[in-house]
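K.L.:
Predicted model follows, preceded by the sequence.
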Amino acid sequence: MSVQLVFRYATMNAGKSMEIIRVAYNYRERGKKVMLFTTAVDDRYGRGKISSRIGLSVDANIIDESVYNKIKEELPDVVIADESQFFSEFIINELARVVDELHIPVLCYGLRTDFQGKLFEGSKRLFELADKIEEIKTMCWFSDKKATMNMRVYNGQPIFEGKQIQIGGNESYFPVCRKIYMRFKNKKIRL
């Protein structure tokens, strides 16, 4: 892998965490040192854990503003970060610095947009700075189209207002295509 800042984004339930665990395993199997990072915001499976819905889990460092110095001390072969949509612009800038100054590839995984279709701070900065941007695709829960939106649900019904960050899984979010999202938002269909 070339030394790049990579952003791999998707909707909810696309297998991002499973992909991280697989990629980290592949690097380690080849004798490479991997540093994993995640946010303290999503602690559903415990602090400092990257967990997939299929039951796989790995330990990770909690990301904070000292990320550059932590990586500089360890000098891994690769840095892999989960939930990067929640990272601040400063942290994304520091990860870009890791690539540019320490010559260590950084792979960031996260959501592109929130439940209102708006960019998260970390995702926005990654779109601005990443050397490579890749989409991890999944299907809409209600059509045969590619999911591009995260639809939040409460008591089984879609909601379109509220705070940007609300941690949850299948009980709280459905990956949907834009057409289905807009039909629900405009109250043309109901669950």
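P.N.:
Looks like it came in fine. Numbering: from 1, shown residues only.

K.L.:
quick one: which helix or strand includes the residue minimising distance to the centre of the chain?
P.N.:
Nearest to the mean C-alpha position of the chain, by Cα atoms, centre = their mean, lies residue 110 at 1.4 Å. Element membership for residue 110, per DSSP states H and E: strand 106-111.

K.L.:
Now do that strand: everything it contacts.
P.N.:
Outside strand 106-111, the residues within contact range by Cβ atoms under 8 Å, 6 or more residues apart in numbering are 4-12, 16-17, 19-20, 23, 78-87, 92, 95-96, 98-99, 120, 122-123, 126, 130, 136, 150. In short, each C-beta sits where N, CA and C put it, glycine included.

K.L.:
Give the rounded mean pLDDT of it.
P.N.:
Averaged across strand 106-111, pLDDT comes to 96.

K.L.:
buried stuff in the next helix or strand after that strand?
P.N.:
Tracing the chain past strand 106-111, the next element assigned as helix or strand by DSSP H and E is helix 121-129. Neighbour counts over helix 121-129 (16 or more other Cβ atoms under 10 Å) mark 121-126, 129 as buried.

K.L.:
Tabulate these in CSV, adding columns for pLDDT.
P.N.:
Output for these, formatted as CSV (pLDDT from 0 to 100):
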residue, pLDDT
121, 95
122, 96
123, 97
124, 97
125, 98
126, 98
129, 98
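
K.L.:
Mark which of the contacts of strand 106-111 are part of strands, please.
P.N.:
Applying DSSP state E to those, the entries found in strands are 5-10, 78-81, 150.

K.L.:
For PyMOL, what selects the buried ones among those residues?
P.N.:
Filtering the ones in strands among the contacts of strand 106-111 down to the buried ones (16+ other Cβ under 10 Å) takes a single PyMOL command:
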select buried, resi 5+6+7+8+9+10+78+79+80+81+150
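
K.L.:
about what we covered before: quick check, nearest of the buried residues of helix 121-129 to residue 32?
P.N.:
Proximity of the buried residues of helix 121-129 to residue 32 (Cβ to Cβ) peaks at residue 126, which lies at 22.9 Å.

K.L.:
Flag the shaky bits of the chain, pLDDT-wise.
P.N.:
Counting by pLDDT under 70, the chain has low-confidence residues at 1, 41-46, 164-171, 188-191.

K.L.:
for it, what spans make up the helices?
P.N.:
If DSSP state H is used as the criterion, the helices of the chain fall at 16-29, 67-74, 89-97, 121-129, 178-185.

K.L.:
sorry, back to before: what's across from the residue nearest to the centre of the chain in the sheet?
P.N.:
residue 9 (DSSP bridges).

K.L.:
And it, how close does it get to residue 184?
P.N.:
Residue 110 is 24 Å from residue 184, where distance means Cβ to Cβ, to the nearest Å.
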